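A.B. asks: Sequence plus predicted model, see below.
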Amino acid sequence: MGPLTMGAPYQSAWMREDQRIFRDSVRRFVENEFVPRQARWQRQNGPDPEAWPAAGRAGLLLPDIPAEYGGGGGDFTHQAVVREELLGAGVQFGCGVHGIVAHYLLAYGSEAQKRHWLPAMARGDLVGAIAMSEPAAGSDLQGIATTARRVGDEYVINGSKAFVTNGRHAGLVCVAVKTDTAAPGSRGMALIVAETTGLTGYRRGRPLEKIGMHGQDTCPLYFDDVRVPAANLLGGEEGHGFAQMLAQLPYERLGIAVDAVATAERAVAITTHYVLERMAFGKALIEFQNTRFELAECRTEAMIGRVFLDYCIGRFLAGRLDDVTAAMAKLWLTDCQCRVVDKCLQLHGGYGYMTEYPIARMWADSRVQRIYAGSNEIMKEIIGWSL
């Protein structure tokens, strides 16, 4: 859908001709291939397996990974375009998490690891997932209990992971583990990559029954004496896992911020269309002052969000998006998303509570934005520590 264009047009500074061409291509693919399948994806709690290679052929996967590793050779703006077009069409697809895994490999993987895994991920032959959260450790990743013990040329992994996006389809899982259980806090943590096909002791749990995001594959994962090659350790040394995760969080949180703004903009657009057509007391809802005032606030918040997001994208492209600013983006923009969607649902009246209406699904889907990738309370802590 892209930025709001009602009234005076606003153009993101990062939009260039190649992004516009790419956006047109992504939009056509999403509308033709993904939108018609959303109802089935919702019923089955995730996309069809063949959606991944189809997305790979269309260039939706890893658009910001270098071409030498099979990616699109673009930058974060190309990833933003993909996320905006998916959210703008109301499509749930785990390519954001897939891309985060790829950036862990790009940042910390050996040359052999990158050349082995990234091209397959770009094609959609290999789906990526991140296994970090646990039943007793969510935003506080220092509290993870999953262990990896070095035995010869292998690591033996034991533990369980919760809320894993792409868990059922994942052929490549980046697992946060403790390699030194005696080390306090974040020390002794590492990231180990597991190829899941035929992996003994690796088990997927049943799809989770979530409030929203029904079209996105989410499940727990279990590791019972799972053996993976020691060479699958990211970064080549134990003990750096927590620092690696912290370094990648601005990228992850910026992606969530993109989703938040795209959702708020879509909510305003579909609600504006609704109130122009819906009649009450003999006139269109838009003719009531309260309707106009509520939508005026929503549109203003969405525009402020867009400008702040573009500022953050500019800083990221320049290599200057710091942890605090990324936390601000995640905090404010996801809160903004939920405020806007809730107001827009109210303007739909009783129909807003019906899941056949997009605004109802958006309302349910939006709530998790304030929880994952570090809850918004943690974002306040990060910002507060910088004062």
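C.D. replies: That came through fine. Numbers count the residues shown, from 1 in each chain.
A.B. asks: check contacts around residue 332.
C.D. replies: Residues near residue 332 by C-beta atoms under 8 Å, 6 or more residues apart in numbering: 305, 308. Where C-beta positions appear, they are placed from N, C-alpha and C, glycine not excepted.
A.B. asks: Angles on the backbone of the residue of the chain most remote from its centre, please.
C.D. replies: For the chain, the residue at maximal distance from the C-alpha centroid (C-alpha atoms, centre = their mean) is residue 282, at 43.2 Å. Torsion angles at residue 282 (phi, psi; degrees, to the nearest 10) stand at phi 80, psi 10.
A.B. asks: and the most centrally placed residue in the chain, what element?
C.D. replies: Nearest to the mean C-alpha position of the chain, by C-alpha atoms, centre = their mean, lies residue 96 at 4.2 Å. In this assignment (DSSP states H and E), residue 96 forms part of helix 95-108.
A.B. asks: my read: residue 121 touches residue 61, true?
C.D. replies: Yes - checked against C-beta atoms under 8 Å, the pair residue 121 and residue 61 is within contact range at 6.6 Å.
A.B. asks: Mutual contacts of the two, please.
C.D. replies: residue 98.
A.B. asks: Mind checking which of these two has more residues around it?
C.D. replies: residue 61 (29 against 26; other C-beta atoms under 10 Å).
A.B. asks: any idea which element that one lies in?
C.D. replies: Counting by DSSP H and E, residue 61 is part of no helix or strand.
A.B. asks: which residues does the nearest residue in space to the residue nearest to the centre of the chain that is not next to it in sequence contact?
C.D. replies: What sits nearest to residue 96 in space, not counting adjacent residues and going by C-beta to C-beta, 6 or more residues apart in numbering, is residue 255, at 5.1 Å. Going by C-beta under 8 Å, 6+ apart, residue 255 touches 79, 80, 83, 96, 99, 100.
A.B. asks: Pull the contacting residues for the fifth one.
C.D. replies: Applying C-beta under 8 Å, 6+ apart, we find residue 99 in contact with 61, 62, 64, 65, 79, 128, 255.
A.B. asks: The second one now?
C.D. replies: Taking C-beta under 8 Å, 6+ apart, we find residue 80 in contact with 14, 255, 258, 313.
A.B. asks: Check these and tell me the two furthest apart.
C.D. replies: 14 and 255 (14.6 Å; C-beta to C-beta).
A.B. asks: picking that back up, nearest to residue 277, of the contacts of residue 80?
C.D. replies: So of these, ranked by how close each gets to residue 277 (C-beta to C-beta), first place is residue 258, at 29.5 Å.
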